[in-house]
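>>> here are the coordinates; sequence isn't available:
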């Protein structure tokens, strides 16, 4: 990779985001929404909902964000900059007034987006996300050689060279709504990929960094999910409860979690998790002893600190106070000095968490490996919550979003339902456990020999139907219950559909 003459760090590039949103008349057309509760929704309505969510995440994280809209003309609706929470209501009202009309000046919009990301040395640094349902039919300033090598109209600037001058670092993601080569009937994926191929060739020739991708979507759920996913670096979904999620968000999270269940060989953390189906108590057996190792969960990944940390948790409380204050070296020293008084799994977990926070991923991984080994020595009755906490940290270290989504659902649901009636908790734990067990029957359908594929598929389908039947029984029994329960049941049902 060529060294940038005007340095912009990789993290800074990830934090410079511009969304290019098509407002041509065809965006008024409906999209099917099979997983939502409102039937078909207009393309622009789904896109607006995604923009609202992106804005809120940007305001929370301090990420730089800009919005460009285009019809026949291109307008900068939200200049590139930090989104202030106090300005959200005004910006959202502005976006709600955007009305589709006219045609699509796609190339001009990309050119304006590149100008927003242009730095002092005239290089382009940051991320562009284009959302469109057609092909360019109105640009006057910029053009693309279509097919490659074709001449441009006189007076038109080559978009490829304008977007990728020397020393740039650009990511362009195109989300195309529908498929088709006719105007306004969808996005011609072949021609769009040819354009991205030109960008890739130029980036390689100049030795500059850049990724260029095209993603086709056909439903409202897919459009919402892909738009928000494009801005994952601004913290998507870390702190929203299931019952607060928009249906598209819930559907996308469940689909993401199901990917980890369907391919455990690609998500090794998942294989460490226990199914946690509640076992029938043995008559006369003593109650399980209290588990001091639950100190690994005293500070939620995104939540605040408990009150009176030092009084309640002693040496570990001091470690967590230092961690919260960003004093990572002090936290490590306190872990070392208090090693004898800390349960091994707690000490190693917090060492891993502190090391990861200070950017030492390799040291974090080594400490976490020790925590896994110590957790395996605990009684089965106490392992579940601890393994989930370790799995969540490991998924973050490995940047495994699919496993992180699955574990977060399991962990958050367990915590939020801790106050529910024992019968409700046991029913949901049973459903969680059976859902986790489906990964085994699903894998059999992938590993079976030619003569056994049908038999394995039938067994897996029967297992899915069994869980689905139990889920419906739970819905009837817990009708009008706590919204958290409804959210958990919805999540499980979508996962089941993905596991078929």
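Thanks, I have the structure now. Not measured: the values here are computed from a predicted model.

>>> rest of the way, CA atoms for contacts and neighbours
Noted.

>>> Show residues contacting stretch 150-170.
Around stretch 150-170, the neighbours that count as contacts under Cα atoms under 8 Å, 6 or more residues apart in numbering are 2-5, 13, 107, 110-111, 114, 122-128, 140-145, 198-199, 202-203, 206, 208-211.

>>> residue ranges of the helices in the stretch 101-250 of the chain, please?
Assigned by DSSP state H, counting those that start in this stretch, the stretch 101-250 of the chain shows helices spanning 106-116, 159-163, 189-206, 220-229, 247-262.

>>> Could you point out which of those sits nearest residue 49?
Evaluated over the helices of the stretch 101-250 of the chain, closeness to residue 49 peaks at helix 220-229, with 7.5 Å, by Cα to Cα.

>>> Please work out how many residues are found near residue 477.
Neighbour count of residue 477, defined by other Cα atoms under 10 Å: 11.

>>> swap in residue 208?
Residue 208: 20 surrounding residues under other Cα under 10 Å.

>>> Could you shift the numbering so residue one becomes 56, and keep it that way?
With 56 as the first residue, the last one maps to residue 263.

>>> that older thread, of all the helices of the stretch 156-305 of the chain, which lies closest to residue 96?
helix 275-284 (6.9 Å).

>>> for stretch 121-138, what is the average pLDDT?
Throughout stretch 121-138, pLDDT has a mean value of 93.

>>> Now do it: everything it contacts.
71-79, 110, 113-114, 117-120, 146, 150, 155-161, 163-164, 167-168, 171-172, 193-194.

>>> Drop anything exposed from these.
Listed as buried from the contacts of stretch 121-138 are 71-79, 110, 113-114, 117-120, 146, 150, 155-156, 158-161, 163-164, 167-168, 171-172, 193-194; burial here means 16 or more other Cα atoms under 10 Å.

>>> Among these, name the ones in strands.
Mapping these onto strands (DSSP state E) picks out 71-77, 119-120.

>>> Enumerate every residue touching residue 404.
With contacts defined as Cα under 8 Å, 6+ apart, residue 404 is in contact with 351, 422-423, 426, 445.

>>> Contact partners for the residue nearest to residue 438 when sequence neighbours are not counted?
Spatially, and ignoring its direct neighbours in sequence, residue 438 is nearest to residue 430 (6.6 Å; Cα to Cα, 6 or more residues apart in numbering). Taking Cα under 8 Å, 6+ apart, we find residue 430 in contact with 400, 438, 441-442.

>>> of those, closest to residue 311?
Closest to residue 311 out of the contacts of residue 430 is residue 442 (20.2 Å), distances taken as Cα to Cα.

>>> can you tell me how far the closest one sits from residue 423?
According to Cα to Cα, to the nearest Å, residue 442 stands 11 Å off from residue 423.

>>> swap in residue 533?
Following Cα to Cα, the distance that separates residue 533 from residue 423 is 38 Å.

>>> One more: residue 267?
The spacing between residue 267 and residue 423, counted by Cα to Cα, is 35 Å.

>>> more crowded one of these two?
Set residue 267 next to residue 423 and count neighbours by other Cα under 10 Å: residue 423 wins out with 26 against 18.

>>> So for the more buried one, what's the nearest residue that isn't a sequence neighbour?
Once flanking residues are discounted, residue 423 sits nearest to residue 407: 5.4 Å by Cα to Cα, 6+ apart.

>>> wait, is that neighbour part of a strand?
No. Under DSSP: H, G, I helix; E, B strand; the rest coil, residue 407 sits outside any strand and is assigned helix.

>>> Please tell me I have it right and residue 198 contacts residue 164.
No. Counting by Cα atoms under 8 Å, residue 198 does not reach residue 164; the two are 10.8 Å apart.

>>> Provide a PyMOL selection command restricted to the buried entries of the contacts of stretch 205-225.
Of the contacts of stretch 205-225, the buried ones can be selected in PyMOL as follows, counting by 16+ other Cα under 10 Å:
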select buried, resi 59+68+162+165+166+169+177+178+179+180+181+182+183+196+197+198+199+200+253+254+257+258+263+264+265
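
>>> Please report the distance of residue 376 from residue 387.
Remark: distance between residue 376 and residue 387 (Cα to Cα) = 12 Å.

>>> again but with residue 166, I slipped
In this structure, residue 166 and residue 387 are 48 Å apart, going by Cα to Cα.

>>> Tell me where the protein has strands.
Shown for the chain, the strands assigned by DSSP E span residues 71-77, 85-86, 96-97, 119-125, 129-137, 180-187, 197-198, 212-213, 224-232, 264-272.

>>> Any chance of these in TSV with distance to residue 204 as columns?
Formatted as TSV, these follow (distance: least, Cα to Cα, whole Å):
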stretch	distance to residue 204
strand 71-77	26
strand 85-86	36
strand 96-97	37
strand 119-125	27
strand 129-137	26
strand 180-187	24
strand 197-198	12
strand 212-213	11
strand 224-232	21
strand 264-272	19
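
>>> mind checking which of these is nearest residue 550?
Closest approach to residue 550 among the strands of the chain is made by strand 264-272 (19.6 Å; Cα to Cα).

>>> can you list the residues that contact the closest one?
Residues from elsewhere that reach strand 264-272 (Cα under 8 Å, 6+ apart): 56-57, 223-234, 242, 244, 247-248, 251, 254-255, 258, 278.

>>> Quickly note the distance from the nearest residue to residue 482 once chain neighbours are set aside to residue 543.
The shortest distance from residue 482 to any non-neighbouring residue, by Cα to Cα, 6+ apart, is to residue 529 (7.4 Å). Distance of residue 529 to residue 543, given as Cα to Cα: 11 Å.

>>> Check residue 212 too.
For residue 212, the distance to residue 543 equals 52 Å [Cα to Cα].

>>> Which one of the two is surrounded by more residues?
A direct count of neighbours by other Cα under 10 Å for residue 212 and residue 543 places residue 543 higher, at 23 against 18.

>>> Would you confirm that that one contacts residue 463?
No. Counting by Cα under 8 Å, residue 543 stays clear of residue 463, with 11.8 Å between them.

>>> all helices in the stretch 456-555 of the chain, in order from the N-terminus.
456-471, 477-502, 508-532, 538-554.

>>> Of these, give the one that comes closest to residue 87.
Residue 87 lies closest, by Cα to Cα, to one member of these: helix 538-554, at 16.8 Å.

>>> from what I can see residue 187 touches residue 81, true?
No. Using Cα under 8 Å as the test, residue 187 is too far from residue 81 to be in contact (9.6 Å).

>>> Model confidence for residue 302, exactly?
The model's pLDDT for residue 302 equals 64.

>>> again but with residue 550, I slipped
The model reports residue 550 with a pLDDT of 79.

>>> do the same with residue 291
On pLDDT, residue 291 comes in at 35.

>>> Same check on residue 341?
The model's pLDDT for residue 341 equals 44.

>>> before we move on, what about residue 506?
Confidence at residue 506, expressed as pLDDT, is 53.

>>> just residue 74 next, same as before
Looking at residue 74, its pLDDT reads 95.

>>> and if you look at residue 296?
55.

>>> Check residue 458 too.
On pLDDT, residue 458 comes in at 77.

>>> Distance-wise, check it relative to residue 445.
Applying Cα to Cα, the value for residue 458 to residue 445 is 12 Å.

>>> Among these two, which residue is more densely surrounded?
Each of residue 458 and residue 445 has its neighbours counted (other Cα under 10 Å); residue 458 has more, 28 against 25.
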